[in-house]
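**Student:** Make a model of this:
(2 chains)
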Protein chains: 2
Amino acid sequence: MSKKTTIYDIAKKLNTTAATVSRALNNNPKISESTCKLVRETAAEMNYKPNKLALALQSGKSGNIGVIVPRIDSNFFASVIRGIEDELYPDYHVIICQTHEDEKREIENINTLLNAQVDGILMSVSNVTSENDRMIKRVVEKNVPLIFFDRKKNMDGVSSVTINDYDGAYLATKHLINEGCTRIAHFSGDRSLEIFENRFKGYKQALLDNEIEFNENYVFQTKSSVEAGRAAVEKLLKLENPPDAIFSSSDFAALGAIQELKEHGIKIPEDFCVFGFGNEPFTKFMELSISSVDQSPMEMGEMAAKVFLEQLNNPKNLKMEKKVVLNPELHIRKSSSRHSL
Amino acid sequence: MSKKTTIYDIAKKLNTTAATVSRALNNNPKISESTCKLVRETAAEMNYKPNKLALALQSGKSGNIGVIVPRIDSNFFASVIRGIEDELYPDYHVIICQTHEDEKREIENINTLLNAQVDGILMSVSNVTSENDRMIKRVVEKNVPLIFFDRKKNMDGVSSVTINDYDGAYLATKHLINEGCTRIAHFSGDRSLEIFENRFKGYKQALLDNEIEFNENYVFQTKSSVEAGRAAVEKLLKLENPPDAIFSSSDFAALGAIQELKEHGIKIPEDFCVFGFGNEPFTKFMELSISSVDQSPMEMGEMAAKVFLEQLNNPKNLKMEKKVVLNPELHIRKSSSRHSL
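**Tutor:** Residues are numbered from 1 along each chain as shown, chains lettered A, B, ... in the order given. Here you go, the predicted structure:
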């Protein structure tokens, strides 16, 4: 297997130009009927398959939408994608790329999708380097509609669909306070990303509003993984005055925290409460189910797709920038319910 | 926002042909230098960006690989994709489509990827209708390398990477027998798919080899979902002689089974053992951890990518068909361990 037959191969064989072959295959009236026939026959012999993409290059529309996410193996991103697909199907087909949180791959993914001639890109950013900003701006300059969801950048002319991370964090922290927790730690994720910074701010403000002192030693920038959650708890428990609760920006880190706390014989929720973020399915499956903030991912995906369609139908010279913010919802479960469930 | 500027737009503006514009942009010596300059300037004014895809149409290589999976929100498929990416990066970029087990979408995904000019397609099939066979054969005819992984079809000239599902099922069932279970039910999935038929056969043979009667009433074709597992257990418990174990072809159905059994006050593993398939992360996370068959998904992805590269470097007229079969591995956990752990 190697190269596909192209119109250039056919042109070479017939000792004519690619333009003539292209016209003949498209039944251009400028080309004689006999030439059209010869080209078609030769194309068939050479197993040439005209592809829709060549036509798309002319019409400027491929019917494909690109989605870029940090990872696909999270229920959150998988559900957002499901929402996008549900909204756009069958008019548009979704192709997905993941960055694994790697900024170099993010750029490559953008290039990959542009080269695949997508009619739009919906993305959740992995990082905030200005190198990638330039690349993302290229998309906008190419007049390819671009929508951010969940993890956005503030960029002129680019719409976004997010949830109110600040509120989610504030409400979750307030709940822990209401359950009687007074030394609440926070796993914050990478705070150079807006979503994590906003969750941190919501957490902090809830403490201040309830006259609980903010303690910097209680804040850890953890990755969204079970291992990171375990490691952070190990450090927290070594503090002189260890916390009695964690509000984690990640369900995976919350799960790791619970595993580690149990291994230290700490009772949840009696002695220690844990609250996650993301409402991953496993938070519900666990015997000790994990409280979490739901981000309405299906709705977020549907909304991002709607904004894309709106943008697509926008007159060319009209700049549109739409910011949609969804409300988070608390799911209170065993890991933080001292009083009742 | 609407159409991207194409060479046709530029040609119209300059009152010339698209072929001339194309040649001018590619510095074809047939075109005068002054025309080349005019075309380039006009292209810049109109914000035309030559794209690599147009070049790819000529060279027959895009550097993109398409992966089609039934769903992305399963650790198994996400891990296979990770394996593929690790093997091919940075030479090839992976774009992903999901079918949601829908045969119509499977065909559309193939078209989407062919139109996006991928250099190869790695897929796990969702169904076995002959309509889709024709479509898949088109890929092979187009000389686009095609590799099946996990869920394959038997198709001439198409390579595949799978695990030995029969062995995995046989060993899991044998383990349940060794734990003292004698009335072992089976959740089989859609047996028109080879993987599920092979798991069923392995299950059945393990019973026969250990002089346990095969009971058709104990076999359910369930979907791979928590709800399906719950519903199947409800039916099993109504049988005159209910089973004392389940070997489930799906971890999700196994989880549902456990939830339903617990609600009926049945003790696991003392009174009832459960064994899953797929080794999804939650099987390990649960307090009552779930025994499962691991399918080496990373390795499967890496292997599928290697077979793709091999095929790509194959001389055009040499037909290659390679069948790689990986060995499954049992992960014995609490849900099936009466004797020890």
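
**Student:** got the residues of the stretch 201-341 of chain A near chain B?
**Tutor:** The stretch 201-341 of chain A has residues A:226, A:255, A:281-282, A:285-288, A:311-312, A:314-316, A:320 near chain B, with proximity defined as CB under 8 Å from any CB of the partner chain. All C-beta atoms are positioned from the backbone trio N, CA, C, and that covers glycine.

**Student:** who wins for most neighbours among those residues?
**Tutor:** Among these, residue A:255 has the most neighbours (other CB atoms under 10 Å in any protein chain shown), with 27 neighbours.

**Student:** and whichever strand or helix holds it, what does it pack onto?
**Tutor:** Using DSSP states H and E, residue A:255 falls within helix A:251-263. Contact here means 3 or more CB pairs under 8 Å, 6 or more residues apart in numbering or on different chains; DSSP states H and E; on that basis helix A:251-263 packs against strand A:184-187, helix A:226-237, strand A:245-248, strand A:273-277, helix A:281-285.

**Student:** which stretch among these comes nearest residue B:188?
**Tutor:** Residue B:188 lies closest to helix A:281-285 among the helices and strands packed on helix A:251-263, at 22.7 Å (CB to CB).

**Student:** could you point out which element follows the closest one?
**Tutor:** Downstream of helix A:281-285 (by DSSP H and E), the next one is strand A:291-294.

**Student:** Identify all contacting residues around the helix or strand just after that next one.
**Tutor:** Using DSSP H and E, the helix or strand that follows strand A:291-294 in sequence is helix A:297-312. Residues external to helix A:297-312 that are found in contact with it (CB atoms under 8 Å, 6 or more residues apart in numbering or on different chains): A:65, A:75-77, A:79-88, A:119-120, A:122, A:145, A:147, A:149-150, A:159, A:161-163, A:320, A:322, A:324, A:326, B:1-2.

**Student:** And the pLDDT at residue A:56?
**Tutor:** pLDDT, residue A:56: 48.

**Student:** The one 10 residues further on too?
**Tutor:** Confidence at residue A:66, expressed as pLDDT, is 97.

**Student:** which ones are touching the nearest residue to it once chain neighbours are set aside?
**Tutor:** Counting by CB to CB, 6 or more residues apart in numbering or on different chains, residue A:66 lies nearest to residue A:113, which is 3.4 Å off, once chain neighbours are set aside. Residues in contact with residue A:113 (CB under 8 Å, 6+ apart) are A:66, A:68, A:95, A:97, A:121, B:95.

**Student:** Around the residue nearest to the second one when sequence neighbours are not counted, how many other residues sit close by?
**Tutor:** What that stands for is residue A:68. With CB to CB, 6+ apart as the criterion, residue A:68 has its nearest non-adjacent residue at 3.9 Å, and that residue is residue A:123. Using other CB under 10 Å, residue A:123 has 28 other residues around it.

**Student:** got it, and residue A:233?
**Tutor:** Residue A:233 is flanked by 29 other residues according to other CB under 10 Å.

**Student:** same check, this time on residue A:45
**Tutor:** The tally of other residues near residue A:45 (other CB under 10 Å) stands at 11.

**Student:** Can you tell me which of the helices and strands packed on helix A:251-263 is packed in deepest?
**Tutor:** strand A:245-248 (a mean of 31; mean count of other CB atoms under 10 Å in any protein chain shown).

**Student:** Go ahead and name everything in contact with that one.
**Tutor:** Contacts for strand A:245-248 (CB under 8 Å, 6+ apart): A:169, A:172-173, A:176, A:179, A:181, A:183-187, A:203, A:222, A:229, A:233, A:236, A:254, A:257, A:272-277, A:336.

**Student:** and what of stretch A:280-293?
**Tutor:** A:74-76, A:168-169, A:171-172, A:175, A:251-252, A:254-255, A:258, A:268, A:273-279, A:328-337, B:226, B:255, B:281-282, B:285-288.

**Student:** Stretch A:327-336 too?
**Tutor:** Counting by CB under 8 Å, 6+ apart, A:163-165, A:167-168, A:171-172, A:175-176, A:179, A:245, A:254, A:258, A:268-269, A:273-276, A:279, A:283-284, A:288-296, A:341 sit against stretch A:327-336.

**Student:** Span of it from start to end?
**Tutor:** 21 Å (CA to CA, to the nearest Å).

**Student:** what is the rounded mean pLDDT of it?
**Tutor:** Stretch A:327-336 shows a mean pLDDT of 96.

**Student:** on that earlier part again, need the residues of the stretch 201-341 of chain A next to chain B in JSON lines with distance to residue B:305 and pLDDT, can you?
**Tutor:** Formatted as JSON lines, these follow (distance: CB to CB, whole Å; pLDDT from 0 to 100):
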{"residue": "A:226", "distance to residue B:305": "27", "pLDDT": "94"}
{"residue": "A:255", "distance to residue B:305": "31", "pLDDT": "96"}
{"residue": "A:281", "distance to residue B:305": "29", "pLDDT": "87"}
{"residue": "A:282", "distance to residue B:305": "29", "pLDDT": "89"}
{"residue": "A:285", "distance to residue B:305": "32", "pLDDT": "87"}
{"residue": "A:286", "distance to residue B:305": "35", "pLDDT": "89"}
{"residue": "A:287", "distance to residue B:305": "39", "pLDDT": "87"}
{"residue": "A:288", "distance to residue B:305": "39", "pLDDT": "94"}
{"residue": "A:311", "distance to residue B:305": "36", "pLDDT": "86"}
{"residue": "A:312", "distance to residue B:305": "35", "pLDDT": "82"}
{"residue": "A:314", "distance to residue B:305": "40", "pLDDT": "73"}
{"residue": "A:315", "distance to residue B:305": "44", "pLDDT": "68"}
{"residue": "A:316", "distance to residue B:305": "41", "pLDDT": "65"}
{"residue": "A:320", "distance to residue B:305": "40", "pLDDT": "79"}
